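*Asks:* Need a 3D model of the sequence below.
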Amino acid sequence: MTTRILLTDTGSAEVMRLESLQPQAPGPGQVWLEQSAIGVNPLDVLQRKSGAGLSLPSGLGLEGAGRITAVGEGVENLQVGDRVAYATGPLGGYSSGRLYPAERLVKLPPSISDEQAAAVLFKGITAQYLLKTTYPVGPGSQVLIYGAGGALGQLMVPWARHLGARVIGVVSKPDSVERAAAAGCEHVLVFDAERLASQVRALTDGKGVDVVYDGVGKVSFNASLDALRPRGLLVSFGATSGAPDPIEVATLNTKGSLYLTRPSLAAHTHTVQAYQQRAADVLEAVVSGIIPPRIWRRYPLADVATAHADLEQGRSQGALILIP
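*Replies:* Reported below is the predicted structural model:
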């Protein structure tokens, strides 16, 4: 019997209900995937709480890994027994088994376990497009990365260092400093909105950084702008503190002809080719030892509420995965 998490409403963790269902025969272009590990991401929490992008009733979860047990008509690139993983929709990752489009599955090399794949693929693709497309980081780049001790930060920091960047990390609390430094940050700052920009300028000979990767949002937005060099880029890619306030376009001029972007993973993986290329780059980075999958905690699927609580309350120190 297959089990999955179903939402019929949005709100607190109690809206996530475990239910049973029968495995389904895959249709054209689909496979049936028996999952062994499921990734938990901040977007899952946002969708559970606000219904962003959901049409209820709905499954939840955008990342998982497992083994194919049935293939539908027209599937040529995969076969029964293949170990695969995915990151991005369709929703429904919080399940012991599911139908999934074959073209959005990624074959796993033997050296990467299902748990590692479920911990790294979604966040890894995010790191990949941020560092290689949104702002092409290279030798001599000076970058500021928020959440440097978190699950995404622990991928972005070493990857940015590998690309030749000098990384200044930002963390929310002192007990995250050591973890961010171990990931490869040259300097780690505990976030203080009033002091951050001056601290960054002191570390960059008064110039500011080339790019700021800000997943915090409202409380950090102005400090991030002020930490940039002239013509620097603020990448506002998340809003854990809420959405930033609106900004006058002229402000970007007065602060040094700055650039501002709000990218999304969906826009960078909307074609199968782009998605597969980015996923392949992530897996190669893992195999090469550039980015290490760090699993902080494993939870039974039925205990998904605890996983969400750990993520919401900032207790996690790496990736969280559910085990069906």
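
*Asks:* Do you have the helices of the protein handy? List them.
*Replies:* Assignment of helices within the chain using DSSP state H yields the ranges 42-50, 114-129, 153-162, 177-183, 196-203, 221-226, 249-254, 265-268, 272-287, 304-312.

*Asks:* for stretch 22-31, how far is the first residue from the last?
*Replies:* With CA to CA, to the nearest Å as the measure, the first residue of stretch 22-31 is 15 Å from its last.

*Asks:* how far is it from where the chain is centred?
*Replies:* Offset of stretch 22-31 from its chain centre (CA atoms, centre = their mean, to the nearest Å): 28 Å.

*Asks:* What are the buried residues along that stretch?
*Replies:* Across stretch 22-31, burial judged by 16 or more other CB atoms under 10 Å covers Pro26, Gln30, Val31. Quick note: C-beta positions are derived from backbone N, CA and C, even for glycine.

*Asks:* same deal with stretch 267-278?
*Replies:* Buried residues in stretch 267-278, counted by 16+ other CB under 10 Å: His268, Thr269, Tyr275, Gln276, Arg278.

*Asks:* how distant is it from the center of its chain?
*Replies:* Stretch 267-278 sits 15 Å away from the centroid of its parent chain (CA atoms, centre = their mean).

*Asks:* what sits up against it?
*Replies:* Residues outside stretch 267-278 that contact it (CB atoms under 8 Å, 6 or more residues apart in numbering) are Thr88, Glu103, Arg104, Val106, Ile125, Gln128, Tyr129, Thr133.

*Asks:* The fourth one: what's it in contact with?
*Replies:* For Val106, the residues meeting the contact criterion (CB under 8 Å, 6+ apart) are Val84, Ala85, Tyr86, Ala117, Leu121, Gln276, Ala279, Ala280, Leu283.

*Asks:* mind putting the residues you listed in JSON lines, distance to Gly215 and pLDDT included?
*Replies:* As requested, these are arranged in JSON lines below (distance: CB to CB, whole Å; pLDDT from 0 to 100):
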{"residue": "Val84", "distance to Gly215": "28", "pLDDT": "98"}
{"residue": "Ala85", "distance to Gly215": "23", "pLDDT": "98"}
{"residue": "Tyr86", "distance to Gly215": "22", "pLDDT": "98"}
{"residue": "Ala117", "distance to Gly215": "22", "pLDDT": "98"}
{"residue": "Leu121", "distance to Gly215": "18", "pLDDT": "97"}
{"residue": "Gln276", "distance to Gly215": "25", "pLDDT": "97"}
{"residue": "Ala279", "distance to Gly215": "21", "pLDDT": "98"}
{"residue": "Ala280", "distance to Gly215": "24", "pLDDT": "98"}
{"residue": "Leu283", "distance to Gly215": "23", "pLDDT": "98"}
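
*Asks:* Report the two of those residues separated the most.
*Replies:* For these, the maximum inter-member distance is 14.5 Å, found between Ala117 and Gln276 (CB to CB).

*Asks:* What sits closest to Met16 if chain neighbours are left out?
*Replies:* With CB to CB, 6 or more residues apart in numbering as the measure, Ile5 is the residue that lies nearest to Met16, at 4.9 Å, once sequence neighbours are left out.

*Asks:* circling back to that earlier point, are any of the contacts of stretch 267-278 buried, and which?
*Replies:* Applying 16+ other CB under 10 Å to the contacts of stretch 267-278, the neighbour count classes Thr88, Arg104, Val106, Ile125, Gln128, Tyr129 as buried.

*Asks:* Distance check, the first one against Phe122.
*Replies:* Applying CB to CB, to the nearest Å, one obtains 8 Å for the distance of Thr88 from Phe122.

*Asks:* would you list every one of the strands in the stretch 51-200 of the chain?
*Replies:* Secondary structure of the stretch 51-200 of the chain (DSSP state E, counting those that start in this stretch): strands located at 63-71, 83-87, 97-101, 106-107, 142-146, 166-171, 187-190.

*Asks:* Who does the fourth one pair with, and is each partner parallel or antiparallel?
*Replies:* Right, strand 106-107. In the sheet containing strand 106-107, the strands it pairs with under DSSP bridges are strand 83-87 (antiparallel).

*Asks:* now the strand it pairs with: how far from the chain's centre is it?
*Replies:* The chain centroid and the centroid of strand 83-87 are separated by 15 Å, computed with CA atoms, centre = their mean.

*Asks:* List the buried residues for stretch 9-24?
*Replies:* Applying a neighbour-count criterion of 16+ other CB under 10 Å, the buried positions in stretch 9-24 are Val15, Met16.

*Asks:* For it, measure first residue to last.
*Replies:* Distance between the two ends of stretch 9-24: 25 Å, counting by CA to CA.

*Asks:* which residues touch it?
*Replies:* Contact with stretch 9-24 is made by 1-8, 32, 47-51, 54, 56, 60, 69-70, 94, 97, 99, 301-302, 304-305, 308-309, as judged by CB under 8 Å, 6+ apart.

*Asks:* If any of the residues you listed are buried, give me the ChimeraX selection for them.
*Replies:* Filtering those down to the buried ones (16+ other CB under 10 Å) takes a single ChimeraX command:
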select :2,3,4,5,6,7,32,47,48,51,60,70,94,97,99,301,304,305,308
